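**Q** Generate a structure from the sequence data that follows.
(one chain, ligands or ions: 2)
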Amino acid sequence: MDVCVIGAGYVGLTTSTVLANYGHQVFCVEKQKEKVEMLKTGEVPIYEPGLDTMLVSSIEAGNLAFTDDLAKAVKKSSIIFIAVGTPQNSDGSANLRFFEEVINELSPLIDTYKIIITKSTVPLGTNEALHGKLLEKGVSPENFDVVSNPEFLREGTAISDMLHPDKIVIGVKSHTPIQILQKLYHFIHAPYMITSLTGAEMIKYASNAFLAVKISFINELAKISEAYNVDITDVALGIGMDPRIGHHFLQAGLGYGGSCFPKDLAALEHQSLKMNVTPHILQAAQLINNSLIDSYLDKIEKEIPRYREMKITVWGASFKPNTDDTRHSQAVKLIERLTKEGCEVHIYDPVVFLKVENTTSYKDMYESIEQSDLLIIATEWHQFIEADWTIVKEKMYGDQVVDCRNCIQPYTLKRHGLKYIGVARP
Ligand SMILES: NC(=O)C1=CN([C@@H]2O[C@H](COP(=O)(O)OP(=O)(O)OC[C@H]3O[C@@H](n4cnc5c(N)ncnc54)[C@H](O)[C@@H]3O)[C@@H](O)[C@H]2O)C=CC1
Ligand SMILES: O=C(O)[C@H]1O[C@H](OP(=O)(O)OP(=O)(O)OC[C@H]2O[C@@H](n3ccc(=O)[nH]c3=O)[C@H](O)[C@@H]2O)[C@H](O)[C@@H](O)[C@@H]1O
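**A** Residues are numbered from 1 along each chain as shown. Ligands and ions are numbered 1, 2, ... in the order given. Below you'll find the model as predicted:
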């Protein structure tokens, strides 16, 4: 099938590459010219394991092309994905500027039947409004169907998540496009969840909100557990054994970040308040998440009152392991706070070379801890969990390690003469 994907971010690139890899003819349209030029040579602007190899082989097979020419791509395609960003406005609402720009550019180009699929996460009612707008702009109703097909991939495992999702959510106004979508996704074996356009939008927000609430729940329990000298990792393991609860998203620590959870919770809260519904749980989840950096700083101050005069190394800058994305990264926020407090901050991340004023970034993990008084682990990269603690002990001046992700066994550090500070890990 001939497909046009608008937006070459995480979602657009993964969608384009996977569809092209399974035999579809894909045009990926990106408005940033330098990004297009880079992608044409097979260079991927983001760190996403496995994406570069699949992208290059799709280009070589002649199934994937990059362009900034929307008109050309739309003309050749019967299926159009919108995968542009929907960032956060200062009042918490979703900013639909990019989405609306696409609709304005797209509508005059629709002169034969096209399925317009929204992959971007958009507020409730956006796809209904899109349908109305296209009619208003004079697009013939026979020439299009709008589909809301939200994406559930995670950064770091984007390809595998897209190939093996637990469901495909399809929001429609009419059943006409469903069979075509099933053909498009012939290589994915997952149940279809068919609902209304707005139902699909809500499923997407609800999924992210539920996962974020789960994280804030375990972080609240971690605070209570700490007060009672209970190990939160035991609690997470214990409650997770109940299949109704499950083990996922019960890792206590510095909280959630990234390009989606913070903005999607804020957007859902905004949509809820707009309808005079107070979203107590969503508000509490955000409140807890926003308190976590302070909690760790209080903890550090309690254990090491002179920490502001110290040389501190932070391991981790990305919002989670296996990505170079630092959008809304709790690690970066922590680094910025430490710098503001006057600490001398040194940083190492396996893929991010962070540039923050008054900090020093390193390309070598062990070099970054030379003569450090304190080591803070802010992102649970595998390299940190598997660190050689003998080297760490030798190189550091101090002996304290703050594990903001509860990702290291306390006794591993103790065995090497290092002091472990986690949350609720007696
Ligand atoms: N990042 C993720 O893991 C996931 C993101 N989402 C949602 O998918 C959407 C996209 O997210 P990302 O891929 O992270 O966004 P992104 O911000 O990384 O990439 C969006 C791309 O679209 C391009 N763009 C903007 N306007 C354009 C236009 N008029 N024509 C052509 N290209 C244009 C931008 O230049 C940018 O390269 C968002 O709504 C997000 O909430 C959903 C699931 C996962
Ligand atoms: O809409 C989106 O963009 C995506 O948002 C998340 O994916 P992602 O942001 O890539 O990352 P996650 O693995 O969900 O982690 C999000 C944040 O939660 C934190 N987290 C996760 C799990 C946990 O137990 N504890 C915890 O603090 C991570 O460190 C990270 O900062 C969702 O998991 C995806 O399903 C969704 O498609």
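
**Q** my guess is Val36 contacts Leu70, does it?
**A** No. Assessed by CB atoms under 8 Å, Val36 is found out of contact with Leu70, at 11.7 Å. C-beta here means a position set from N, CA and C on the backbone, and glycine is covered the same way.

**Q** Next to ligand 1 in this structure, residues from this protein, please.
**A** 6-12, 29-32, 35, 83-86, 98, 101-102, 119-121, 151, 153, 155, 259-260 (CB under 6 Å from any ligand atom).

**Q** which residues sit against stretch 382-393?
**A** Residues outside stretch 382-393 that contact it (CB atoms under 8 Å, 6 or more residues apart in numbering): 315-316, 321, 350, 365-366, 369, 375, 377, 399, 401, 407-408, 412-413, 415-418.

**Q** again, 7 Å this time
**A** Contacts to stretch 382-393, defined as CB atoms under 7 Å, 6 or more residues apart in numbering, come from residues 315-316, 321, 350, 365-366, 369, 375, 377, 399, 407-408, 412-413, 416-418.

**Q** what are the ranges of the strands in the stretch 151-300 of the chain?
**A** For the stretch 151-300 of the chain, applying DSSP state E, counting those that start in this stretch gives strands covering 168-172, 192-195.

**Q** List the contacts of the residue in the stretch 301-426 of the chain that ligand 1 sits nearest to.
**A** Nearest to ligand 1 in the stretch 301-426 of the chain, going by CB to the nearest ligand atom, is Asp325, at a distance of 7.4 Å. For Asp325, the contacting residues are Glu155, Gly258, Ser259, Ser318, Phe319, by CB under 7 Å, 6+ apart.

**Q** Can you turn the buried part of the contacts of stretch 382-393 into a ChimeraX selection?
**A** Remark: buried members of the contacts of stretch 382-393, expressed as a ChimeraX selection using 16 or more other CB atoms under 10 Å:
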select :315,316,321,350,365,369,375,377,407,408,413,416,418
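
**Q** Tell me which of the contacts of stretch 382-393 fall in strands.
**A** The members of these that map onto strands under DSSP state E are Trp315, Leu375, Ile377.

**Q** How much space separates the last one from Gly316?
**A** Same thing as Ile377. Distance, Ile377 to Gly316, by CB to CB, to the nearest Å: 6 Å.

**Q** Can you tell me which residues in this protein are near ligand 2?
**A** Applying CB under 6 Å from any ligand atom, one finds that the chain approaches ligand 2 through 121, 151-155, 208, 211, 215, 249-251, 253, 255-258, 260-261, 319-320.

**Q** picking that back up, can you flag which of the residues of the chain next to ligand 1 belong to helices?
**A** Tyr10, Val11, Gly12, Lys35, Phe98, Glu101, Val102 (DSSP state H).

**Q** now those in CSV, with distance to Gln286 and pLDDT?
**A** Shown next, in CSV, are these (distance: CB to CB, whole Å; pLDDT from 0 to 100):
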residue, distance to Gln286, pLDDT
Tyr10, 23, 95
Val11, 23, 97
Gly12, 28, 98
Lys35, 32, 97
Phe98, 24, 98
Glu101, 29, 97
Val102, 29, 98
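
**Q** What is the most widely separated pair among the residues you listed?
**A** Within those, Tyr10 and Glu101 form the most distant pair, 19.2 Å apart (CB to CB).

**Q** Please identify which of the two sits among more neighbours.
**A** Tyr10 (23 against 13; other CB atoms under 10 Å).

**Q** residues contacting the more buried one?
**A** Contacts for Tyr10 were tallied using CB under 7 Å, 6+ apart; they are Ile46, Glu48, Glu155, Ala158.

**Q** Arg306: which of these is nearest?
**A** Nearest to Arg306 among the contacts of Tyr10, with distances taken as CB to CB, is Glu155, at 37.3 Å.

**Q** Give me the neighbour count for Ala73.
**A** When neighbours are defined as other CB under 10 Å, Ala73 has 23 of them.

**Q** Nearest residue to it in space, please, no chain neighbours.
**A** What sits nearest to Ala73 in space, not counting adjacent residues and going by CB to CB, 6 or more residues apart in numbering, is Phe27, at 3.7 Å.

**Q** ok, now which ones touch the residue lying closest to Ile170 once chain neighbours are set aside?
**A** Using CB to CB, 6+ apart and skipping the chain neighbours, the partner closest in space to Ile170 is Ile194 (5.2 Å). Shown in contact with Ile194 (CB under 7 Å, 6+ apart): Ile170, Val172, Ile178.

**Q** which residues touch the last one?
**A** In other words, Ile178. Per CB under 7 Å, 6+ apart, neighbours of Ile178: Ile170, Val172, Ile194.

**Q** Grab the longest helix from this structure for me.
**A** Per DSSP H, the chain has its longest helix at helix 197-227.

**Q** For that one, the averaged confidence score.
**A** Mean pLDDT, helix 197-227: 98.

**Q** counting contacts, what elements does that helix pack onto?
**A** The contact analysis (3 or more CB pairs under 7 Å, 6 or more residues apart in numbering; DSSP states H and E) places helix 197-227 against helix 126-136, strand 144-148, strand 168-172, helix 232-240, helix 261-274, helix 280-303.

**Q** could I get the ones you listed as a markdown table with mean pLDDT?
**A** Shown next, in a markdown table, are the helices and strands packed on helix 197-227 (pLDDT from 0 to 100):
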| stretch | mean pLDDT |
| --- | --- |
| helix 126-136 | 97 |
| strand 144-148 | 98 |
| strand 168-172 | 98 |
| helix 232-240 | 98 |
| helix 261-274 | 98 |
| helix 280-303 | 97 |
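
**Q** which one of these lies closest to Met54?
**A** strand 168-172 (19.8 Å).

**Q** Enumerate the sheet neighbours of the closest one, specifying parallel or antiparallel for every one.
**A** Taking DSSP bridges as the criterion, strand 168-172 forms sheet pairs with strand 144-148 (antiparallel), strand 192-195 (parallel).

**Q** Ok, which of the ones you listed comes nearest Asn63?
**A** strand 144-148 (22.1 Å).

**Q** Next, the contact list for the residue lying closest to Lys419 once chain neighbours are set aside, please.
**A** Once flanking residues are discounted, Lys419 sits nearest to Gln400: 4.8 Å by CB to CB, 6+ apart. Contacts for Gln400 (CB under 7 Å, 6+ apart) come out as Glu303, Ile304, Leu374, Lys419, Ile421.

**Q** can you pull the pLDDT of Gln400?
**A** 96.

**Q** between the longest helix of the chain and helix 280-303, how big is the angle?
**A** Helix 197-227 and helix 280-303 meet at an angle of 30 degrees, taking axes from the mean of the first three to the mean of the last three CA atoms, to 10 degrees as the criterion.

**Q** one step back: measure the residue nearest to Ile170 to Ile168 for me?
**A** Taken as CB to CB, the span from Ile194 to Ile168 is 9 Å.
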